[in-house]
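Chemist: I need the structure of the sequence given here:
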Amino acid sequence: MTARRDPRAPAVLCVNLPEFPLQVLLRSRPDFRDHPVAVVAEDKPDARLTLVNGRARRAGLRTGMRYGASRELVPALRASVVSSDDVNQTLEEVRAALQTFSPRVERHGDGVFFIDPAGLRNIYKTPRAFVESIYGYLEGRGFRATVALGFGRFPTLALARAHAFEGDRTGTFIVPTRREMKARVAAVPLAALGISPALRDAFAMLGLSTLGEVLALPAAELHTRFGIEAARLHGAAQDRDRIPVQAAAFDEPLELRVEIEPPDENQHRLLFAIKGATHQLVQLLAARGETLRALRISFHTERHGTHEERIEPAHPTRDVALVLELVRLRIQGLSLASPVDELLLEAEPAPLSGDQLLLFAEDRPARDLRAGDRALARVRAAFGTESVTRAALREAHLPEASFR
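Modeler: All right, here's what the predicted structure looks like:
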(Lines give C-alpha, C1' and ligand atoms only; values in the text may rest on other atoms or scores of the structure.)
Protein backbone atom coordinates (compact mmCIF):
# COMPACT_ATOMS: atom_id res chain seq x y z
CA MET A 1 0.00 0.00 0.00
CA THR A 2 1.50 3.32 -1.01
CA ALA A 3 0.89 6.60 0.77
CA ARG A 4 -0.82 9.33 -1.18
CA ARG A 5 1.19 12.48 -1.67
CA ASP A 6 -0.25 15.58 -0.05
CA PRO A 7 -0.95 17.96 -2.96
CA ARG A 8 -0.91 20.99 -0.70
CA ALA A 9 2.19 23.10 -0.22
CA PRO A 10 3.90 22.27 3.10
CA ALA A 11 4.36 24.86 5.81
CA VAL A 12 7.81 26.44 5.68
CA LEU A 13 9.58 29.21 7.52
CA CYS A 14 11.73 31.63 5.52
CA VAL A 15 14.46 33.85 6.98
CA ASN A 16 15.37 36.68 4.63
CA LEU A 17 18.41 38.84 5.45
CA PRO A 18 18.18 41.56 2.78
CA GLU A 19 21.31 43.05 1.23
CA PHE A 20 23.42 40.59 3.16
CA PRO A 21 26.91 41.77 2.05
CA LEU A 22 25.93 45.25 3.21
CA GLN A 23 24.93 43.82 6.59
CA VAL A 24 28.29 42.04 6.82
CA LEU A 25 30.04 45.36 6.19
CA LEU A 26 28.01 47.22 8.82
CA ARG A 27 28.68 44.52 11.42
CA SER A 28 32.43 44.78 10.81
CA ARG A 29 32.33 48.60 10.69
CA PRO A 30 29.72 49.79 13.21
CA ASP A 31 31.06 53.34 12.83
CA PHE A 32 29.44 53.36 9.35
CA ARG A 33 25.89 52.90 10.66
CA ASP A 34 24.98 56.59 10.87
CA HIS A 35 26.27 57.40 7.36
CA PRO A 36 25.34 56.66 3.75
CA VAL A 37 27.04 53.31 3.06
CA ALA A 38 27.77 51.33 -0.09
CA VAL A 39 29.44 48.06 -1.00
CA VAL A 40 31.80 48.46 -3.95
CA ALA A 41 33.03 45.81 -6.36
CA GLU A 42 36.67 46.94 -6.10
CA ASP A 43 38.77 49.33 -4.07
CA LYS A 44 39.06 51.79 -6.96
CA PRO A 45 37.51 55.20 -7.70
CA ASP A 46 35.82 53.88 -10.85
CA ALA A 47 34.41 50.79 -9.11
CA ARG A 48 30.64 50.38 -9.24
CA LEU A 49 28.37 50.40 -6.22
CA THR A 50 26.84 46.95 -5.80
CA LEU A 51 24.67 47.69 -2.74
CA VAL A 52 23.59 50.88 -0.96
CA ASN A 53 21.79 51.41 2.33
CA GLY A 54 18.67 53.47 2.92
CA ARG A 55 20.55 56.68 3.75
CA ALA A 56 22.50 56.41 0.50
CA ARG A 57 19.31 55.81 -1.51
CA ARG A 58 17.62 58.81 0.05
CA ALA A 59 20.68 60.87 -0.89
CA GLY A 60 20.19 59.89 -4.53
CA LEU A 61 22.71 57.05 -4.89
CA ARG A 62 21.84 53.87 -6.79
CA THR A 63 23.58 50.59 -7.49
CA GLY A 64 25.70 50.67 -10.61
CA MET A 65 26.97 54.20 -10.02
CA ARG A 66 30.73 54.81 -9.92
CA TYR A 67 32.29 55.21 -6.49
CA GLY A 68 34.22 58.37 -7.39
CA ALA A 69 31.14 60.08 -8.81
CA SER A 70 29.11 58.98 -5.80
CA ARG A 71 31.59 60.62 -3.44
CA GLU A 72 31.25 63.83 -5.41
CA LEU A 73 27.47 63.72 -4.95
CA VAL A 74 27.53 62.51 -1.33
CA PRO A 75 30.80 63.42 0.43
CA ALA A 76 29.69 61.60 3.60
CA LEU A 77 29.51 58.27 1.73
CA ARG A 78 31.32 55.36 3.38
CA ALA A 79 32.19 52.39 1.18
CA SER A 80 34.24 49.21 1.24
CA VAL A 81 34.74 45.91 -0.55
CA VAL A 82 33.14 42.85 1.07
CA SER A 83 34.86 39.61 0.12
CA SER A 84 32.93 36.47 -0.76
CA ASP A 85 34.85 34.65 1.99
CA ASP A 86 33.51 37.06 4.62
CA VAL A 87 29.97 36.63 3.27
CA ASN A 88 30.20 32.82 3.22
CA GLN A 89 31.71 32.67 6.68
CA THR A 90 28.95 34.84 8.13
CA LEU A 91 26.27 32.83 6.31
CA GLU A 92 27.65 29.62 7.79
CA GLU A 93 27.63 31.20 11.25
CA VAL A 94 23.97 32.14 10.77
CA ARG A 95 23.11 28.66 9.49
CA ALA A 96 24.76 27.02 12.50
CA ALA A 97 22.88 29.39 14.81
CA LEU A 98 19.54 28.63 13.14
CA GLN A 99 20.17 24.91 13.61
CA THR A 100 19.84 25.48 17.35
CA PHE A 101 16.17 26.32 16.70
CA SER A 102 15.49 23.48 14.24
CA PRO A 103 17.80 20.78 12.87
CA ARG A 104 16.26 21.14 9.39
CA VAL A 105 17.79 24.33 7.96
CA GLU A 106 18.60 24.98 4.30
CA ARG A 107 20.82 27.79 3.07
CA HIS A 108 19.33 29.16 -0.13
CA GLY A 109 21.45 31.86 -1.72
CA ASP A 110 22.87 34.93 -0.02
CA GLY A 111 20.88 35.86 3.03
CA VAL A 112 18.01 33.37 2.56
CA PHE A 113 17.32 30.32 4.72
CA PHE A 114 14.42 27.86 4.74
CA ILE A 115 13.48 26.08 7.96
CA ASP A 116 11.13 23.11 8.31
CA PRO A 117 8.90 23.83 11.35
CA ALA A 118 7.40 20.32 11.48
CA GLY A 119 7.67 18.49 14.79
CA LEU A 120 8.50 21.53 16.94
CA ARG A 121 5.08 21.98 18.53
CA ASN A 122 6.19 20.49 21.85
CA ILE A 123 9.12 22.93 22.05
CA TYR A 124 7.39 26.10 20.85
CA LYS A 125 3.79 26.26 22.01
CA THR A 126 2.66 28.49 19.15
CA PRO A 127 3.97 29.28 15.65
CA ARG A 128 4.25 32.90 16.74
CA ALA A 129 6.64 31.93 19.56
CA PHE A 130 8.84 30.04 17.09
CA VAL A 131 8.97 32.92 14.63
CA GLU A 132 9.58 35.56 17.29
CA SER A 133 12.38 33.57 18.93
CA ILE A 134 14.32 33.37 15.65
CA TYR A 135 13.74 37.03 14.86
CA GLY A 136 14.80 38.09 18.35
CA TYR A 137 18.01 36.09 18.09
CA LEU A 138 18.97 37.65 14.75
CA GLU A 139 18.01 41.17 15.80
CA GLY A 140 20.04 40.84 18.98
CA ARG A 141 23.12 40.08 16.90
CA GLY A 142 22.76 43.08 14.67
CA PHE A 143 21.04 41.51 11.65
CA ARG A 144 18.14 43.05 9.74
CA ALA A 145 15.79 40.18 9.01
CA THR A 146 12.31 39.25 7.90
CA VAL A 147 11.05 35.96 9.33
CA ALA A 148 7.96 34.64 7.55
CA LEU A 149 5.90 31.50 8.11
CA GLY A 150 3.78 30.45 5.16
CA PHE A 151 3.13 27.65 2.68
CA GLY A 152 5.57 26.69 -0.07
CA ARG A 153 9.19 27.72 -0.47
CA PHE A 154 9.12 30.35 -3.20
CA PRO A 155 5.74 31.86 -2.22
CA THR A 156 6.98 32.39 1.35
CA LEU A 157 10.27 33.84 0.09
CA ALA A 158 8.37 36.17 -2.24
CA LEU A 159 6.30 37.51 0.67
CA ALA A 160 9.42 37.95 2.82
CA ARG A 161 11.17 39.92 0.07
CA ALA A 162 8.10 42.02 -0.57
CA HIS A 163 7.89 42.80 3.14
CA ALA A 164 11.50 44.08 3.11
CA PHE A 165 10.97 45.87 -0.21
CA GLU A 166 8.06 47.94 1.05
CA GLY A 167 9.59 50.77 3.03
CA ASP A 168 12.80 48.87 3.86
CA ARG A 169 10.94 47.01 6.60
CA THR A 170 11.95 44.03 8.70
CA GLY A 171 10.05 41.98 11.25
CA THR A 172 7.86 38.89 11.35
CA PHE A 173 4.58 37.74 9.92
CA ILE A 174 2.56 34.54 9.69
CA VAL A 175 0.12 33.59 6.95
CA PRO A 176 -2.45 31.35 8.69
CA THR A 177 -4.28 29.84 5.69
CA ARG A 178 -3.44 28.69 2.18
CA ARG A 179 -6.21 30.86 0.74
CA GLU A 180 -4.73 33.99 2.30
CA MET A 181 -1.28 32.86 1.13
CA LYS A 182 -2.45 32.68 -2.47
CA ALA A 183 -4.02 36.14 -2.31
CA ARG A 184 -0.96 37.76 -0.74
CA VAL A 185 1.47 36.14 -3.18
CA ALA A 186 -0.57 37.46 -6.10
CA ALA A 187 -0.06 41.02 -4.81
CA VAL A 188 3.75 40.76 -4.56
CA PRO A 189 5.39 43.42 -6.78
CA LEU A 190 7.74 42.02 -9.41
CA ALA A 191 10.33 44.64 -8.44
CA ALA A 192 10.76 42.91 -5.07
CA LEU A 193 11.73 39.54 -6.56
CA GLY A 194 15.14 40.40 -7.99
CA ILE A 195 14.34 39.33 -11.56
CA SER A 196 16.63 40.44 -14.36
CA PRO A 197 16.19 44.02 -15.63
CA ALA A 198 15.46 42.71 -19.14
CA LEU A 199 12.57 40.54 -17.94
CA ARG A 200 11.31 43.27 -15.63
CA ASP A 201 11.24 45.78 -18.50
CA ALA A 202 9.53 43.26 -20.80
CA PHE A 203 6.78 42.69 -18.23
CA ALA A 204 6.45 46.45 -17.71
CA MET A 205 5.81 46.96 -21.44
CA LEU A 206 2.77 44.69 -21.05
CA GLY A 207 1.61 46.52 -17.94
CA LEU A 208 2.51 43.61 -15.62
CA SER A 209 3.66 44.76 -12.20
CA THR A 210 2.62 42.00 -9.76
CA LEU A 211 3.26 38.29 -9.48
CA GLY A 212 -0.45 37.52 -9.74
CA GLU A 213 -0.63 39.20 -13.15
CA VAL A 214 2.21 36.98 -14.38
CA LEU A 215 0.57 33.86 -12.95
CA ALA A 216 -2.60 34.65 -14.91
CA LEU A 217 -0.69 34.10 -18.17
CA PRO A 218 -0.30 30.62 -19.73
CA ALA A 219 3.01 29.04 -18.74
CA ALA A 220 3.76 27.71 -22.24
CA GLU A 221 3.31 31.11 -23.86
CA LEU A 222 5.48 32.74 -21.19
CA HIS A 223 8.33 30.38 -22.05
CA THR A 224 7.95 30.99 -25.77
CA ARG A 225 7.80 34.76 -25.53
CA PHE A 226 10.02 35.61 -22.54
CA GLY A 227 12.33 32.62 -22.16
CA ILE A 228 13.32 30.21 -19.44
CA GLU A 229 13.57 32.80 -16.64
CA ALA A 230 9.90 33.72 -16.98
CA ALA A 231 8.86 30.06 -17.13
CA ARG A 232 10.86 29.28 -13.99
CA LEU A 233 9.33 32.24 -12.19
CA HIS A 234 5.84 31.04 -13.12
CA GLY A 235 6.54 27.48 -11.96
CA ALA A 236 8.25 28.51 -8.72
CA ALA A 237 5.44 30.89 -7.78
CA GLN A 238 2.91 28.08 -8.15
CA ASP A 239 5.20 25.78 -6.13
CA ARG A 240 4.50 22.86 -8.45
CA ASP A 241 7.46 20.73 -7.36
CA ARG A 242 6.64 20.81 -3.63
CA ILE A 243 10.36 20.53 -2.83
CA PRO A 244 10.90 19.94 0.91
CA VAL A 245 13.55 21.76 2.90
CA GLN A 246 16.97 20.39 1.93
CA ALA A 247 18.47 20.38 5.39
CA ALA A 248 22.23 20.65 5.77
CA ALA A 249 23.97 18.19 8.04
CA PHE A 250 24.05 19.33 11.63
CA ASP A 251 27.64 20.16 12.50
CA GLU A 252 28.05 18.97 16.05
CA PRO A 253 30.99 20.70 17.69
CA LEU A 254 34.07 18.51 17.88
CA GLU A 255 35.51 19.23 21.30
CA LEU A 256 37.13 17.38 24.16
CA ARG A 257 37.70 18.42 27.75
CA VAL A 258 40.77 17.21 29.63
CA GLU A 259 40.90 17.64 33.39
CA ILE A 260 44.37 18.32 34.78
CA GLU A 261 44.58 16.80 38.24
CA PRO A 262 46.39 18.16 40.11
CA PRO A 263 46.51 21.54 38.32
CA ASP A 264 49.75 21.95 36.40
CA GLU A 265 51.64 24.61 34.47
CA ASN A 266 54.49 22.49 33.15
CA GLN A 267 54.50 22.87 29.37
CA HIS A 268 55.72 19.33 28.66
CA ARG A 269 52.97 17.72 30.74
CA LEU A 270 50.34 20.00 29.21
CA LEU A 271 51.59 19.10 25.73
CA PHE A 272 51.28 15.39 26.61
CA ALA A 273 47.64 15.92 27.62
CA ILE A 274 46.98 17.87 24.41
CA LYS A 275 48.57 15.07 22.36
CA GLY A 276 46.08 12.43 23.49
CA ALA A 277 43.07 14.67 22.94
CA THR A 278 44.31 15.74 19.49
CA HIS A 279 44.61 12.09 18.41
CA GLN A 280 40.98 11.50 19.46
CA LEU A 281 39.75 14.60 17.62
CA VAL A 282 41.52 13.61 14.40
CA GLN A 283 39.99 10.12 14.63
CA LEU A 284 36.53 11.69 14.97
CA LEU A 285 37.22 13.89 11.94
CA ALA A 286 38.35 10.88 9.91
CA ALA A 287 35.14 9.03 10.78
CA ARG A 288 33.19 11.99 9.36
CA GLY A 289 35.31 12.16 6.21
CA GLU A 290 36.78 15.51 7.23
CA THR A 291 40.15 16.95 8.09
CA LEU A 292 41.47 19.49 10.60
CA ARG A 293 41.44 23.15 9.55
CA ALA A 294 42.46 24.56 12.94
CA LEU A 295 42.68 23.57 16.59
CA ARG A 296 41.41 25.84 19.36
CA ILE A 297 42.84 25.26 22.83
CA SER A 298 41.41 26.88 25.96
CA PHE A 299 43.61 26.79 29.08
CA HIS A 300 41.39 27.18 32.13
CA THR A 301 43.45 28.31 35.10
CA GLU A 302 42.65 28.15 38.78
CA ARG A 303 42.63 31.85 39.55
CA HIS A 304 43.00 33.83 36.32
CA GLY A 305 40.23 32.67 34.02
CA THR A 306 40.75 31.15 30.58
CA HIS A 307 43.46 31.73 27.99
CA GLU A 308 42.72 30.72 24.39
CA GLU A 309 45.03 29.85 21.51
CA ARG A 310 44.21 28.95 17.91
CA ILE A 311 46.62 26.70 16.00
CA GLU A 312 46.19 26.66 12.22
CA PRO A 313 48.38 24.51 9.95
CA ALA A 314 49.25 25.72 6.46
CA HIS A 315 46.59 23.44 4.98
CA PRO A 316 43.85 21.25 6.47
CA THR A 317 45.50 18.06 7.67
CA ARG A 318 45.17 14.84 9.65
CA ASP A 319 48.88 14.79 10.48
CA VAL A 320 48.82 14.80 14.29
CA ALA A 321 52.61 15.13 14.55
CA LEU A 322 52.53 18.29 12.45
CA VAL A 323 49.76 19.82 14.55
CA LEU A 324 51.53 18.95 17.81
CA GLU A 325 54.73 20.56 16.55
CA LEU A 326 52.79 23.78 15.96
CA VAL A 327 51.23 23.48 19.42
CA ARG A 328 54.68 23.03 20.96
CA LEU A 329 55.98 26.14 19.22
CA ARG A 330 53.00 28.15 20.45
CA ILE A 331 53.01 27.11 24.11
CA GLN A 332 56.78 27.14 24.63
CA GLY A 333 56.58 30.92 24.86
CA LEU A 334 53.30 30.91 26.76
CA SER A 335 53.34 32.30 30.28
CA LEU A 336 50.30 31.36 32.35
CA ALA A 337 49.52 33.29 35.51
CA SER A 338 48.44 30.20 37.46
CA PRO A 339 48.29 26.40 37.02
CA VAL A 340 45.88 24.90 34.49
CA ASP A 341 43.08 22.71 35.85
CA GLU A 342 41.25 22.01 32.57
CA LEU A 343 41.93 22.00 28.83
CA LEU A 344 39.23 22.41 26.18
CA LEU A 345 40.22 21.38 22.65
CA GLU A 346 37.91 22.20 19.74
CA ALA A 347 38.55 21.09 16.16
CA GLU A 348 37.53 23.28 13.22
CA PRO A 349 36.67 20.79 10.44
CA ALA A 350 37.28 21.12 6.71
CA PRO A 351 36.24 18.87 3.81
CA LEU A 352 38.85 16.46 2.51
CA SER A 353 40.32 17.90 -0.69
CA GLY A 354 41.13 15.89 -3.78
CA ASP A 355 44.90 16.21 -3.52
CA GLN A 356 44.77 14.73 -0.02
CA LEU A 357 43.41 11.53 -1.57
CA LEU A 358 46.42 10.92 -3.85
CA LEU A 359 47.77 7.41 -3.30
CA PHE A 360 50.99 7.38 -5.29
CA ALA A 361 54.04 9.61 -5.01
CA GLU A 362 54.32 9.97 -8.79
CA ASP A 363 50.95 11.72 -8.81
CA ARG A 364 52.44 14.59 -6.82
CA PRO A 365 54.31 17.52 -8.37
CA ALA A 366 58.10 17.40 -8.22
CA ARG A 367 58.26 20.78 -6.50
CA ASP A 368 56.53 20.89 -3.13
CA LEU A 369 55.10 24.40 -2.96
CA ARG A 370 53.43 23.58 0.33
CA ALA A 371 56.77 23.33 2.10
CA GLY A 372 56.89 27.13 2.17
CA ASP A 373 53.35 27.25 3.53
CA ARG A 374 54.32 24.83 6.29
CA ALA A 375 57.30 27.01 7.19
CA LEU A 376 55.07 30.07 7.45
CA ALA A 377 52.64 28.10 9.62
CA ARG A 378 55.51 27.37 12.01
CA VAL A 379 56.34 31.08 12.15
CA ARG A 380 52.70 31.90 12.96
CA ALA A 381 52.65 29.22 15.65
CA ALA A 382 55.85 30.49 17.25
CA PHE A 383 55.30 34.25 17.04
CA GLY A 384 51.53 34.70 16.72
CA THR A 385 49.01 34.99 13.90
CA GLU A 386 49.88 38.61 13.09
CA SER A 387 53.54 37.76 12.47
CA VAL A 388 52.75 36.60 8.92
CA THR A 389 50.97 39.11 6.67
CA ARG A 390 50.61 39.75 2.96
CA ALA A 391 50.99 43.07 1.20
CA ALA A 392 48.06 44.18 -0.96
CA LEU A 393 48.88 46.60 -3.76
CA ARG A 394 46.80 49.72 -4.34
CA GLU A 395 47.04 52.83 -6.47
CA ALA A 396 48.76 55.73 -4.70
CA HIS A 397 51.01 58.67 -5.51
CA LEU A 398 53.63 57.94 -2.85
CA PRO A 399 55.56 54.62 -3.06
CA GLU A 400 55.19 53.96 0.67
CA ALA A 401 51.40 54.26 0.33
CA SER A 402 51.14 51.86 -2.62
CA PHE A 403 50.59 48.80 -0.45
CA ARG A 404 48.89 47.90 2.78
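Chemist: A294 pairs with what?
Modeler: Per DSSP bridges, the residues bridged to A294 are E348.
Chemist: my read: L271 touches L324, true?
Modeler: Yes: counting by C-beta atoms under 8 Å, L324 is a contact partner of L271 at 7.2 Å. Any C-beta I mention is one placed from the backbone N, CA and C, and that applies to glycine too.
Chemist: what residues are up against Y124?
Modeler: Taking C-beta atoms under 8 Å, 6 or more residues apart in numbering, we find Y124 in contact with 130, 133.
Chemist: would you say it is within a strand?
Modeler: No: read with DSSP: H, G, I helix; E, B strand; the rest coil, Y124 is coil and lies in no strand.
Chemist: look up how far P313 lies from L73.
Modeler: 48 Å (C-beta to C-beta, to the nearest Å).
Chemist: one more: R55?
Modeler: When distance is defined by C-beta to C-beta, R55 is 43 Å away from P313.
Chemist: who's more crowded, these two?
Modeler: P313 (22 against 18; other C-beta atoms under 10 Å).
Chemist: show the contacting residues for that one.
Modeler: By C-beta under 8 Å, 6+ apart, the neighbours of P313 are 292, 294, 319, 322-323, 326, 374, 377.
Chemist: please apply the same query to L91.
Modeler: Here L91 is in contact with 20, 107, 110-111 (C-beta under 8 Å, 6+ apart).
Chemist: helix or strand for the spatially most central residue of the chain, which one?
Modeler: Nearest to the mean C-alpha position of the chain, counting by C-alpha atoms, centre = their mean, stands L91 at 1.0 Å. Taking DSSP states H and E as the definition, L91 sits inside helix 84-98.
Chemist: how about that helix: buried residues?
Modeler: Buried residues in helix 84-98, counted by 16 or more other C-beta atoms under 10 Å: 87, 90-91, 94-95, 98.
Chemist: in CSV, list those residues along with pLDDT and distance to V12.
Modeler: Shown next, in CSV, are the buried residues of helix 84-98 (pLDDT from 0 to 100; distance: C-beta to C-beta, whole Å):
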residue, pLDDT, distance to V12
V87, 90, 24
T90, 91, 23
L91, 91, 19
V94, 92, 17
R95, 90, 16
L98, 91, 13
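Chemist: need those residues in JSON lines (columns: distance to M181).
Modeler: As requested, the buried residues of helix 84-98 are exported to JSON lines (distance: C-beta to C-beta, whole Å):
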{"residue": "V87", "distance to M181": "31"}
{"residue": "T90", "distance to M181": "30"}
{"residue": "L91", "distance to M181": "27"}
{"residue": "V94", "distance to M181": "25"}
{"residue": "R95", "distance to M181": "26"}
{"residue": "L98", "distance to M181": "22"}
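Chemist: picking that back up, and which of the contacts of P313 is nearest V214?
Modeler: Nearest to V214 among the contacts of P313, counting by C-beta to C-beta, is A294 at 48.1 Å.
Chemist: right, and that closest one touches E312 too?
Modeler: Yes: using C-beta under 8 Å, A294 is in contact with E312, at 4.1 Å.
Chemist: of the two, who's got more company?
Modeler: Neighbour totals were compared for A294 and E312, and E312 leads with 18 against 15 (other C-beta under 10 Å).
Chemist: which ones are touching that one?
Modeler: Neighbour list for E312: 293-295, 377, 380, 385 [criterion: C-beta under 8 Å, 6+ apart].
Chemist: okay if I get those residues as TSV plus distance to A192 and pLDDT?
Modeler: Below are these laid out as TSV (distance: C-beta to C-beta, whole Å; pLDDT from 0 to 100):
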residue	distance to A192	pLDDT
R293	38	89
A294	40	91
L295	45	92
A377	47	70
R380	46	71
T385	43	68
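Chemist: which of those residues are buried? Put it as a PyMOL command.
Modeler: Burial among the contacts of E312 is assessed by 16+ other C-beta under 10 Å; the matching PyMOL selection reads:
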select buried, resi 293+295+377+380
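Chemist: in CSV: the contacts of E312, plus distance to T301.
Modeler: Formatted as CSV, those follow (distance: C-beta to C-beta, whole Å):
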residue, distance to T301
R293, 27
A294, 22
L295, 19
A377, 27
R380, 24
T385, 22
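Chemist: list of residues touching the longest helix anywhere in the chain?
Modeler: Longest helix in the chain by number of residues (criterion: DSSP state H): helix 267-287. With contact meaning C-beta under 8 Å, 6+ apart, helix 267-287 is reached by 254-256, 258, 260, 264, 291-292, 295, 297, 299, 318, 320, 323-324, 327-328, 331-332, 334, 340, 343, 345, 347, 349.
Chemist: ditto for stretch 29-37
Modeler: For stretch 29-37, the surrounding residues in contact (C-beta under 8 Å, 6+ apart) are 22, 25-26, 52-53, 55-56, 59, 61, 74, 76-80.
Chemist: go ahead and build a ChimeraX selection from the buried members of these.
Modeler: Buried members of the contacts of stretch 29-37, defined by 16+ other C-beta under 10 Å, are picked up in ChimeraX with:
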select :22,25,26,52,53,55,56,61,74,77,78,79
